[in-house]
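*Asks:* Provided below for reference: sequence and predicted model.
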Amino acid sequence: MIEIKILSEPLLVDACSKKVQDPAAGGINIFVGTVRNQTKGKAVLRLEFEAYESMAISEMNKIANTMQEKWDCFHICIHHRVGVLNIQDIAVVIAVSCAHRKASFEACQYAIDTLKQTVPIWKKEIFEDGEEWVSAHP
Amino acid sequence: MKLTLISYGIARDILPAHKHALDIEVNTIEDLKTSLCKDYPELKNLQSISFAVNEEYRDDAFILSENDEVVIIPPVAGG
C-alpha cells in the first residue's frame, strides 16, 4: 500500500504509523520533519510552504515505488504539509514498514533525501526583518 | 509559439504572475530558459532552474509544442 498526500491541516504521526502496520513487518520506521526555530543563528518566526501539487504527488509516488522495489517495503505513507507552519509544526511524515529494521531505516533515509531533491515543494522562511525562499540562491 | 508559463516559489516573485501567456520564438526548453533569463535577469542568480511539462521534469533539449503549459521550477525545498 502506498499513500501519498499533501495536506493543509496538521499532520498526524500516529495515523501514518497505523497506515503502514502489517503482520509480516518487523519494523515501522517514521521520519518526522519539523519546523526549526532558527537558520544559521537567525530566528525564524514561521515557514510558508507551497507545492505544485499534482507533480509533487507524482514525484513522491516515484520515491515510494523505488522504496518498494529496492527495499521490499510493505507499506509506505508520505504526508506533506502546505500553508503556514509555526515552530515545531510537522512539515512531513514518512512512515514505512519492512520485514527487517535495516531496510526500513535505509528506505526512510532514501525517501527524505530524495524528497528534498526532486519534489516540487518550496518553503519561505519568515524572519523578524524579512523573508527568504529556502535554498533559492547559491 | 504560444505557451503558458506557470511559476512557483521564488520564480513566482520574479515573473509577472503565477500563470501567464507567452508568445515567443522558441523550440526547446533551453531556448525558453535563455529568453526568460534575458527578460528576467534575477533568474540567473538562482541556484538552479528546472522546467516541467505534463508533470515531468524535462531537460534542455526537450522540444516544446504549441500551447504547452510549462512550469518553471526553482530550487525545491520540501521536507
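*Replies:* Now that the structure is in, tell me what you want to look at.
*Asks:* residue contacts, residue 50?
*Replies:* The chain I'm using is chain A. Contacts were defined as C-beta atoms under 8 Å, 6 or more residues apart in numbering or on different chains; by that measure residue A:50 touches A:82, A:121-123, B:8-9. For glycine as for every other residue, the C-beta is placed from the backbone atoms N, C-alpha and C.
*Asks:* nope, chain B please
*Replies:* Applying C-beta under 8 Å, 6+ apart to residue B:50 gives the contacts B:57, B:72-73.
*Asks:* go with 7 Å
*Replies:* In this structure, residue B:50 makes contact with B:57, B:73, judged by C-beta atoms under 7 Å, 6 or more residues apart in numbering or on different chains.
*Asks:* For residue A:18, see how far away it is.
*Replies:* In this structure, residue B:50 and residue A:18 are separated by 36 Å, where distance is defined by C-beta to C-beta, to the nearest Å.
*Asks:* for the lowest-mean-pLDDT helix or strand in chain B, packing partners?
*Replies:* Across the helices and strands of chain B, mean confidence by mean pLDDT, DSSP states H and E is lowest for strand B:19-23: a mean of 95. In this structure, strand B:19-23 makes packing contacts with strand B:2-7, judged by 3 or more C-beta pairs under 7 Å, 6 or more residues apart in numbering or on different chains; DSSP states H and E.
*Asks:* how about the strand it packs on, does it get close to chain A?
*Replies:* No. Applying C-beta under 7 Å from any C-beta of the partner chain, one finds strand B:2-7 separated from chain A by no less than 7.9 Å.
*Asks:* residues in contact with that strand?
*Replies:* B:15, B:18-24, B:64, B:66-72.
*Asks:* Kindly report the residues of chain A close to chain B.
*Replies:* Contact residues of chain A with respect to chain B, defined by C-beta under 7 Å from any C-beta, are listed as A:33, A:50, A:52, A:54-55, A:58, A:80, A:91-92, A:112, A:115-116, A:119-123, A:133-138.
*Asks:* which residue ranges form the strands in the chain?
*Replies:* The chain I'm using is chain A. In chain A, the segments counted as strands under DSSP state E are A:2-7, A:27-34, A:38-39, A:42-43, A:46-51, A:75-81, A:83-86, A:90-98, A:121-127, A:130-133.
*Asks:* oops, chain B please
*Replies:* Residue ranges of the strands in chain B, as given by DSSP E, are B:2-7, B:19-23, B:50-53, B:56-58, B:69-73.
*Asks:* All good on my end, thank you.
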